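J.: no sequence on this one, just coordinates:
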């Protein structure tokens, strides 16, 4: 993902960037026609990358604390 999740301008903007990268037609407003599979692709990308980033930051903090 091009935008750093934790430094993105807003959570909504991150959501739209992920959808665009995945080729999912997410639009502002009602997305009732969006399939569950496509919605999961968006949430999975955001959640998975955020968890990886948080783990990396925690590991770096632990390394600094041991010095």
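T.: Thanks, I have it. Note that this is a predicted model, so its numbers are computed, not measured. Residues are numbered from 1 along each chain as shown.
J.: element containing the closest residue to residue 24 other than its chain neighbours, please.
T.: Distances taken as C-beta to C-beta, 6 or more residues apart in numbering place residue 38 nearest to residue 24, at 4.6 Å, with adjacent residues excluded. Using the backbone N, CA and C atoms, a C-beta is placed for each residue, glycine as well. Element membership for residue 38, per DSSP states H and E: helix 36-66.
J.: if we can go back for a sec, what's the local residue count around the residue nearest to residue 24?
T.: Residues near residue 38, counting by other C-beta atoms under 10 Å, number 17.
J.: quick one on the thing from earlier: buried stuff in the helix holding residue 38?
T.: 38, 41, 42, 45, 46, 49 (16 or more other C-beta atoms under 10 Å).
J.: which residues sit in contact with the residue nearest to residue 24?
T.: When contacts are counted by C-beta atoms under 8 Å, 6 or more residues apart in numbering, residue 38 touches 19, 22, 24, 26.
J.: where neighbours are concerned, which of those residues has the most?
T.: residue 19 (21 neighbours).
J.: give me the element that one is part of.
T.: If you go by DSSP H and E, residue 19 is part of helix 11-22.
J.: any idea of the angle that helix forms with helix 36-66?
T.: Counting by axes from the mean of the first three to the mean of the last three C-alpha atoms, to 10 degrees, helix 11-22 lies at 120 degrees to helix 36-66.
J.: how about helix 11-22: buried residues?
T.: Buried positions in helix 11-22, judged by neighbour count with 16+ other C-beta under 10 Å: 14, 15, 17, 18, 19.
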